[in-house]
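Chemist: sequence unknown, structure follows:
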């Protein structure tokens, strides 16, 4: 059986967003000073992070796949990452 492309399979996921309580917060000063910004942008499979023109890291936490990779590569104090509250976050629909 041939599987559909990864992008199509990921597109089936459902995201339930808790707008008032983001589960990812970037300490901009620490991220910039330690190179964390570049690392988290490079490793995130969902492209949650991007670099803004002013050098800050933008976070689209609503697209997070909750893998925790960014937290593992971030310098201490640069990133606050926790699983979303129960009932919120990604709901995988394929695989």
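Modeler: That came through fine. Because the structure is predicted, anything quoted here is derived from the model rather than measured.
Chemist: the strands in the protein, which residues?
Modeler: Taking DSSP state E as the criterion, the chain carries its strands at 14-16, 24-26, 49-51, 57-59, 79-81, 89-91.
Chemist: and the ones you listed: which comes nearest residue 37?
Modeler: Among the strands of the chain, strand 57-59 comes nearest to residue 37, with 4.9 Å by Cβ to Cβ. In short, each C-beta sits where N, CA and C put it, glycine included.
Chemist: stretch 32-51: end-to-end distance?
Modeler: End-to-end distance for stretch 32-51: 10 Å, by Cα to Cα, to the nearest Å.
Chemist: that older thread, I'd like the strands of the chain as TSV, with distance to residue 65, mean pLDDT and mean neighbour count appended.
Modeler: Below are the strands of the chain laid out as TSV (distance: least, Cβ to Cβ, whole Å; pLDDT from 0 to 100; neighbours: other Cβ atoms under 10 Å):
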stretch	distance to residue 65	mean pLDDT	mean neighbour count
strand 14-16	9	79	12
strand 24-26	12	93	18
strand 49-51	13	95	17
strand 57-59	14	94	18
strand 79-81	12	90	18
strand 89-91	6	76	16
